[in-house]
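Chemist: structure for this input, please:
(chains A, B, C and D)
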Number of protein chains: 2
Amino acid sequence: MTEIKRPGALYQQVAAAIRDAILSGEFAPGAPLPSEAQLIERYKVSRPTVRNAVAALRAEGLVNVQHGKGSFVRTSGLPPVTVERRISRSGSAGPFVTHDGITWEQPDEPKIYRTETTAITGPPLGLGEGEALFGCDRLLTDPATGTRALHRTLIPFATAEDTELAQAPDTEPAAIYELLTKAGHKLWWTETVQARMPLPDERDALQIPDATPVLHTTRTTHGTNDQPLILEDLRISAERAQLAYRITAEKPPAARRARA
Amino acid sequence: MTEIKRPGALYQQVAAAIRDAILSGEFAPGAPLPSEAQLIERYKVSRPTVRNAVAALRAEGLVNVQHGKGSFVRTSGLPPVTVERRISRSGSAGPFVTHDGITWEQPDEPKIYRTETTAITGPPLGLGEGEALFGCDRLLTDPATGTRALHRTLIPFATAEDTELAQAPDTEPAAIYELLTKAGHKLWWTETVQARMPLPDERDALQIPDATPVLHTTRTTHGTNDQPLILEDLRISAERAQLAYRITAEKPPAARRARA
DNA sequence: AGTCTCAACTCGTAAGGACGAGTGACGTCA
DNA sequence: TGACGTCACTCGTCCTTACGAGTTGAGACT
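Modeler: Residues are numbered from 1 along each chain as shown, chains lettered A, B, ... in the order given. The predicted structure is shown next:
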């Protein structure tokens, strides 16, 4: 038995011992951990204790477990995809809206539907709850890396009527921006970023492994007079992606306060 | 026994049943779940199965468990703190650098130290590995909401020598920007956002509850000639915070490609 | 040689029992 | 009345045992 330290529960001591072994290089990234039976032998504890310890390491994102094969040290590696959150100068042509840095593909048809604003989606659009919206959901993939993302566009009826969007709510964002600009709007955007654990359907659609959150960005497009026109929504596995922004010094604008 | 559905393992069926009960409003946010004993009675399963089900809900972030008290439906609520990621016009005066939207306090002294660039910190600074750095770590708190954040400043020796930063590596970011501007730099910034599960020490320092990730932003300050001058690093619990950006249309700049 | 079956390995699920530890309320005692 | 201790309730930890299910390779059969 490799020696075990003080703090707390047995399974935590075992987890700490395995964690140290990983960090010290005894178990290299990608390499298999000892099997449960071997860990039982090594630390002289029962199987539930071993499983509890491994579960803790799993929740930390240190270890991957595969049924029938074994447990493996997770290869960290920097997020391979950097999504640049700027507004591309539409060019367009590619399979999707290269609405940020990369060229996405759409394996499925965009799903178009109608909804209403909620307590979440209403405020950023400057609307109450229950106002009519066009919605369009897309599953995007980056063929180069296999990264997947869920994209959603929400178009208030008011915005749709001023353009031809009512006839084609599945217009791609870059094209929407173009339409709005042609309609006389000078556009700017606000974007918020949140992180949370994925819902079961998101785990599914985005193929998210254990203990990895989703990055959830919400972008509001503002037109002349600063009124909100469009709401976009991008969800992406945080394992494979990071977001990138470019910031320039700004003259004191109309003071905009952090919301409580 | 409230009826139970098909899919998969028993504990998953129980978890699904409880999840539905929560979503249907039978257990309101903040309200206590039935105790383990009651769940055993209700679903006619053993205690490990109940505990496994509750653990699943915990990992989803749906439920909070308190030793000796019970399990409670987690109150979601939108992240109460919005951190605006722009460059404040330094005004300064407040307790900390209001380097984004809010006024932070520093309960502890900033920790100043020396390090070297790593495989992570080197590239964004345009340096190799092992180059000397000044470091400064801060714990920030927002007294209004109790939100906490970890802030780190990394200053390459080259940058420190051109200013007076070698004497005071704990200068606050807004003041650093001012110094650099006075030194003749026209500044701009890049910022990347990642999300991941917290390390044990981050869970501690930021008081992060179960199943909530950290938002990890890295900001590089660029000066004239676009060379990187400073690296900043902000880590914050994703439960209490979201990041906000303002984006304006840009003329096609020198093409900047997404890193692989 | 090629295919197939099976056995041995992995982790996953489920039950049962026992005890420890944190919390809060109630009742007793000063 | 007030302070304190006990007790009943919660979840946390740990053990034993048993069987199911996915994966892989070795051996037998065709």
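Chemist: pLDDT-wise, which helix or strand of chain A ranks last?
Modeler: In chain A, no helix or strand scores lower on mean pLDDT, DSSP states H and E than strand A:81-84, which sits at a mean of 68.
Chemist: can you tell me the closest non-neighbouring residue to A:Gly223?
Modeler: Ranked by CB to CB, 6 or more residues apart in numbering or on different chains and with sequence neighbours excluded, the top spatial neighbour of A:Gly223 is A:His185, at 3.5 Å. Every C-beta, even on glycine, is put in place using the N, C-alpha and C of the backbone.
Chemist: who in the stretch 101-250 of chain A is up against chain B?
Modeler: Among all residues of the stretch 101-250 of chain A, those adjacent to chain B (criterion: CB under 8 Å from any CB of the partner chain) are A:101-102, A:120, A:187-197, A:199-200, A:211-215, A:219, A:238, A:242-250.
Chemist: just the buried ones from those?
Modeler: A:101-102, A:187-197, A:211-215, A:219, A:238, A:242-247 (16 or more other CB atoms under 10 Å in any protein chain shown).
Chemist: what about chain A, any weak spots by pLDDT?
Modeler: Under the criterion pLDDT under 70, the flagged ranges of chain A are A:1-7, A:76-82, A:84-103, A:165, A:248-260.
Chemist: and the helices in it, which stretches?
Modeler: According to DSSP state H, chain A carries its helices in the segments A:10-23, A:36-43, A:47-59, A:157-162, A:173-182, A:200-206.
Chemist: could you check how far A:Leu125 is from A:Thr190?
Modeler: Separation of A:Leu125 from A:Thr190 (CB to CB, to the nearest Å) stands at 12 Å.
Chemist: mutual contacts of these two, please.
Modeler: Residues touching both A:Leu125 and A:Thr190 by CB atoms under 8 Å, 6 or more residues apart in numbering or on different chains: A:Thr220.
Chemist: how about the residues of the stretch 1-150 of chain A by DNA strand D?
Modeler: Within the stretch 1-150 of chain A, the positions adjacent to DNA strand D are A:8-12, A:45-49, A:52, A:66-69 by CB under 7 Å from any atom of the strand.
Chemist: domain assignment for chain A?
Modeler: Domain assignment for chain A, taken from automatic domain parsing, gives A:10-73, A:81-244.
Chemist: in this structure A:Ser237 contacts A:Gln207, no?
Modeler: Yes - A contact is recorded between A:Ser237 and A:Gln207 when judged using CB atoms under 8 Å, the distance being 7.4 Å.
Chemist: between the two, which contacts overlap?
Modeler: When CB under 8 Å, 6+ apart defines a contact, the residues bordering A:Ser237 and A:Gln207 alike are A:Arg148.
Chemist: for A:Leu199, what are its contacts?
Modeler: For A:Leu199, counting by CB under 8 Å, 6+ apart, the contacting residues are B:Glu60.
Chemist: just the buried members of the residues of the stretch 1-150 of chain A next to DNA strand D?
Modeler: For those, burial is judged from neighbour counts taken by 16+ other CB under 10 Å, and it is met by A:11-12, A:45, A:49, A:52.
Chemist: list the buried residues in stretch A:125-143.
Modeler: Applying a neighbour-count criterion of 16+ other CB under 10 Å, the buried positions in stretch A:125-143 are A:125-127, A:131, A:133-142.
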